[in-house]
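Novice: Predicted model and sequence follow; I will ask about them next.
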Amino acid sequence: MDPVSAVGIALSVAGLAGQVFKGCIQVQIQCLFKEFEQAQKKNHRLATVPESSESDDEVSKDPAKDASNAHVPLPEGRRKFIIKAMKAITTSTKDSLSEGRRRLRWAAFDKEAFEGLLQRFSTLNDNMTDILDVRLQNEIHRTTQDTNRGVLQLHKDLASLHRLVQALDIKMQARNYPVPAIFQNAPASDAAGLRLLAQLAKFKAFNEALDTEGHAPWNEATAMALQLGRPETEKANTRIDRSCITFDAQQAGEDLTAIRCEATYTRANHSQKVWIEWKEYDYQKPGSLSPPPFIIDRVSKLASLLHHSPKPEAFRVPHCLGYFDNAKRPSEGEIDSEDEEDSVDTRIGFVFEKPHDEGVSPNTAPVSLFELLTSSPKPRVTERVKVAYAIANCLLYLHSVNWLHKGLRSHNIVFFPTTTTMNGQGKTAIDYSKPYLSGFDFARPARADEMTEIPGDNGANNMYRHPLTQGQGFGARKGFRKSFDIYSLGVVLVELAHWKTIERVLGVEKSGLRVMGRIREMLLEDERVAGVGAEMGELYECAMWKCVAGGKELGVGEGVDETGDAGAARLGMAFYEDVVKRLESIRI
């Protein structure tokens, strides 16, 4: 046989195999729909039958007909009285049977068989994507994930989150349902997406549970399904005694105002290396509660949230062990000057565990992106894109569980250098795909009624804050919202593109409210936007521009409430499509 004929036969066989594969799927669909039809018919056959009387004669549904057919002659007045009484009995019987009917229908319908049928539908639906090419499969997977995040956004109370997790469990069980071998090629990414959504739903449920006061309104089954544990107990246990913390010796030239430091945490004869992140609060005069109660409440909730396990991997947030108050409490009358006030050191320390990533030593200190921007050579474009995507994806999922960061900047993006040994020598490297988002000192739930804690007007921090949050002039500050976090991400994207801090990119000083208010305007200048594109490409440039421009570019123009269901869903979808998805799609 000549080669051309052999190739022709091979192509014909491949084409025939494809037709057989599609035909099998079509037959499966028809069979399942027929089963579903038969199940529905069985369901509709159910009807309520009234109980028989003592004489085993059925009570007529029409009392008037029943009375007229009676063999015993009755006077007209008595006959009308009986008809009226029978109608009243019929009405009350219908009401009392309605609830029982609903229960009876589902029980007689064979709940297990119907759930099995739904699982088979789910499995077939998932595996139908095997017919499509890889590009369309990926697009369907992304669209499904986007829809899932929208669904999660709409589920707020514990009851609805419980139902969502139950539905996801059925969906994941469907993947284990026995199907023909031809259907066992579903992409693993779909299963991972379902697990991630379930983790996010449980994490969001714990966040909501932390705000519950008094007796827990959920039962044990809900607590187990959502892995809630005991939120109030966890919240109380996050408080750490100051005496358990020993700070590392200060190095020469070390900044005393640094936002983090190294320490050792000792408890029950066990010591471990940790790192501390600081949160400042206003000094309260003797006689007043210090820190203020709302600060303690916010801090304990945040520590509990960052301590809770399991956390979704996409979060890229460190594991918190608890918090402590670093202030030394003087007796009343001891403080009579501002210098002595400063010596009280009114700071709360969040205690974080070192990550267990391969190659990370317990003695490894975190290195911020800001430090790398000022002291390390510019990495490859691929490495910078990895950082950008990881942080954007982390922010996307933080927002999906209704949490605001409020402090996103290069100082609060940290890495843990890994050490490998080659030829007897240690080599230190940064894994740019594994950044951690820290600096949650002002973070809070994204609810309209949640109190906003206003950060101080620090020039370095204001470089990353949206102009509407900086309280310029005599107008009131705007309440913080998700789009302001996204703006801060845009500023970080500019830094990553040029591998310079934002003040060096713009050539401005870190002072003056007037200059701070013009940062956004300067970043959106055509020349600067084009400069980002020249460094990182068109997709990256568009993602950065969407973040900084915000508003209508993210689907939330003036008057749109980002805390409402519609506004939050619109913003989440636009942020994913125009920022996260574009960063993920970059190929060098």
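Specialist: Arrived safely, thanks for sending. Residues are numbered from 1 along each chain as shown.
Novice: When you work out contacts or count neighbours from here on, use the C-alpha atoms and nothing else.
Specialist: Fine.
Novice: start to end distance for stretch 303-318?
Specialist: One end of stretch 303-318 sits 11 Å from the other (CA to CA, to the nearest Å).
Novice: now what about it, what contacts it?
Specialist: Where contact means CA atoms under 8 Å, 6 or more residues apart in numbering, the residues beyond stretch 303-318 that reach it are 196, 199-200, 203, 206-207, 231, 234-235, 238, 319-323, 350, 352-355, 390-391, 393-395, 397-398, 434-438.
Novice: now do stretch 571-579
Specialist: Counting by CA under 8 Å, 6+ apart, stretch 571-579 makes contact with 146, 149-150, 392, 396, 399-400, 483, 542-544, 546-547, 554-556, 562, all of which sit outside it.
Novice: Just the mean pLDDT for that stretch, thanks.
Specialist: Throughout stretch 571-579, pLDDT has a mean value of 92.
Novice: What of stretch 160-178?
Specialist: The model assigns stretch 160-178 a mean pLDDT of 72.
Novice: what are the C-alpha coordinates of it, in CSV please?
Specialist: Provided in CSV are the C-alpha atoms of stretch 160-178 (Å, rounded to 0.1, in the frame of the first residue of the first chain):
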residue,chain,number,x,y,z
SER,A,160,-27.4,29.9,51.9
LEU,A,161,-23.7,29.3,52.1
HIS,A,162,-24.5,25.9,53.6
ARG,A,163,-26.8,25.1,50.7
LEU,A,164,-24.1,26.2,48.3
VAL,A,165,-21.5,23.9,49.9
GLN,A,166,-24.0,21.0,49.8
ALA,A,167,-24.6,21.6,46.1
LEU,A,168,-20.9,21.6,45.5
ASP,A,169,-20.5,18.3,47.4
ILE,A,170,-23.1,16.7,45.1
LYS,A,171,-21.3,18.1,42.1
MET,A,172,-17.9,16.8,43.3
GLN,A,173,-19.5,13.4,44.1
ALA,A,174,-20.8,13.3,40.5
ARG,A,175,-17.2,13.2,39.3
ASN,A,176,-16.9,9.8,41.1
TYR,A,177,-20.1,8.5,39.6
PRO,A,178,-19.4,5.4,37.4
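Novice: What residues of it count as buried?
Specialist: In terms of neighbour count (16 or more other CA atoms under 10 Å), stretch 160-178 has its buried residues at Leu161, His162, Leu164, Val165, Gln166, Leu168, Lys171, Met172, Ala174, Arg175.
Novice: Pro435 reaches His411, doesn't it?
Specialist: No - because the distance of 11.9 Å does not satisfy CA atoms under 8 Å, Pro435 is recorded as not touching His411.
Novice: In terms of neighbours, single out the busier of these two.
Specialist: Counted by other CA atoms under 10 Å, Pro435 and His411 do not tie: Pro435 has more neighbours, with 25 against 19.
Novice: Quick check: closest non-adjacent residue to the more buried one.
Specialist: Counting by CA to CA, 6 or more residues apart in numbering, Phe415 is the residue found nearest to Pro435 once chain neighbours are left out, at 5.1 Å.
Novice: Can you check the pLDDT for that neighbour?
Specialist: The score at Phe415 is 96. That number is its pLDDT.
Novice: Quick one: find the helix or strand in the protein with the lowest mean pLDDT.
Specialist: helix 63-68 (a mean of 50; mean pLDDT, DSSP states H and E).
Novice: pLDDT averaged over stretch 540-554, what's the number?
Specialist: 94.
Novice: Can you mark which positions in that stretch are buried?
Specialist: 540-551, 553-554.
Novice: now, the most widely separated pair of these?
Specialist: Set against one another by CA to CA, these have their most distant pair in Tyr540 and Gly551, with a gap of 18.9 Å.
Novice: List of residues touching the strand or helix carrying Gly490?
Specialist: Under the assignment given by DSSP states H and E, the secondary-structure element containing Gly490 is helix 482-498. By CA under 8 Å, 6+ apart, the residues outside helix 482-498 that reach it are 373, 384, 388, 392, 395, 399, 404-410, 446, 464-466, 501-502, 505, 532, 535-536, 543-551, 562, 571.
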